[in-house]
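Asks: this one's sequence-less:
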């Protein structure tokens, strides 16, 4: 046992010595190729510089922040019977819609419906064209020239899409949603929503972000107060119709009263009595319609959400680009790492062969 204990430190010293000698040997080997390593690293840095300067495009970010808050209202159920009597269904659930509660609004901003509506609306800024064709021109220029993809007509809202057109639209939508669109709350403690659109085309990102928010707000308003607006419009039509009938009945009643003013016989005053009843009934109906209309307007004012655009995108947009210095450093490091690895593998193979 004593001999083994005495030999152990000697064995450790030998292994440590071998390790130092091997490290020195590797350093000497690699140092002999120092100029090759430096040359390759310099070439890599040059390639990285060229890539950053000539082969990359800047990315522009359009940012919109806005807030959507519902007023504290709860009287929509009071109009349920009225809406049913007009054939408009129950409007009592208008204020209870949870579609925009929690994180749903963030998912809605990325939905196919909102993205499609934003892409398809004709814009004066694009001379009546839409953002879908602008996107295809920006990102699929080569495919368009080779006629693999065709542009959409300007009048796209009522167009029945073919299978190929649906495929192109879904491809564009997926690309935008996964790579170019970010919707999130500015702070988890508040209701401010931040929307960011990134694209290589500055003006497209600017227009698309504005259209996306516009259509999201339109859908929000339609869901929250759409039935109340429909009820209000129907009541307005009925009010105008009844007012016309009432005016006509009052005129006829006046004519019958003048005609029978000098006769004592009641049988000649029958039409006058009928018109008097018509006028009273129409006056009552007209009063009820006015009351219900004012109640609907008040309810809409209570249910209508508060939508506030806090920050709109302003040209020029913020720009991000792969920097030339970053390209040089990354290119040089990658090239140096590759040549270093190649030299190590080369010596290992040579050792194995020997």
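Replies: Done, it's in. Source: prediction; values computed, not measured.

Asks: Which helix or which strand is home to the nearest residue to residue 201 once chain neighbours are set aside?
Replies: What sits nearest to residue 201 in space, not counting adjacent residues and going by C-beta to C-beta, 6 or more residues apart in numbering, is residue 138, at 4.7 Å. Where you see a C-beta, it was placed from the backbone N, CA and C, and this is true even at glycine. For residue 138, the host element (DSSP states H and E) is helix 131-139.

Asks: same question, residue 62
Replies: Residue 62 is located in strand 59-69, with elements delineated by DSSP H and E.

Asks: buried residues in that strand?
Replies: Residues 59-66, 68 are the ones in strand 59-69 that count as buried (16 or more other C-beta atoms under 10 Å).

Asks: next one: the helix holding residue 138 to chain centre, how far?
Replies: The gap between where helix 131-139 is centred and where its chain is centred comes out at 17 Å by C-alpha atoms, centre = their mean, to the nearest Å.

Asks: before we move on, the earlier item: and the residue nearest to residue 201, how far from residue 177?
Replies: Distance, residue 138 to residue 177, using C-beta to C-beta, to the nearest Å: 17 Å.

Asks: contacting residues around the nearest residue to residue 137 once chain neighbours are set aside?
Replies: Closest residue to residue 137 apart from its sequence neighbours, by C-beta to C-beta, 6+ apart: residue 144 at 7.0 Å. The contact partners of residue 144, by C-beta atoms under 8 Å, 6 or more residues apart in numbering, come to 136-137, 150-151.

Asks: Can you name the residues that contact residue 315?
Replies: Taking C-beta under 8 Å, 6+ apart, one finds 202-203, 206 in contact with residue 315.

Asks: Am I right that residue 219 sits in a strand?
Replies: No - counting by DSSP: H, G, I helix; E, B strand; the rest coil, residue 219 falls outside a strand, being helix.

Asks: Return the residues in contact with it.
Replies: 108, 113-114.

Asks: One more: residue 134?
Replies: 126, 201, 204, 207 are the contacts of residue 134 under C-beta under 8 Å, 6+ apart.

Asks: roughly how far apart are it and residue 279?
Replies: Residue 134 is 61 Å from residue 279, by C-beta to C-beta.

Asks: Can you give me the buried ones in stretch 139-157?
Replies: Those would be 139-140, 149, 152, 156, for stretch 139-157 by 16+ other C-beta under 10 Å.

Asks: got those residues as JSON lines, with pLDDT and distance to residue 298 columns?
Replies: JSON lines is the format used below for the buried residues of stretch 139-157 (pLDDT from 0 to 100; distance: C-beta to C-beta, whole Å):
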{"residue": "139", "pLDDT": "87", "distance to residue 298": "49"}
{"residue": "140", "pLDDT": "87", "distance to residue 298": "52"}
{"residue": "149", "pLDDT": "85", "distance to residue 298": "52"}
{"residue": "152", "pLDDT": "86", "distance to residue 298": "44"}
{"residue": "156", "pLDDT": "76", "distance to residue 298": "40"}
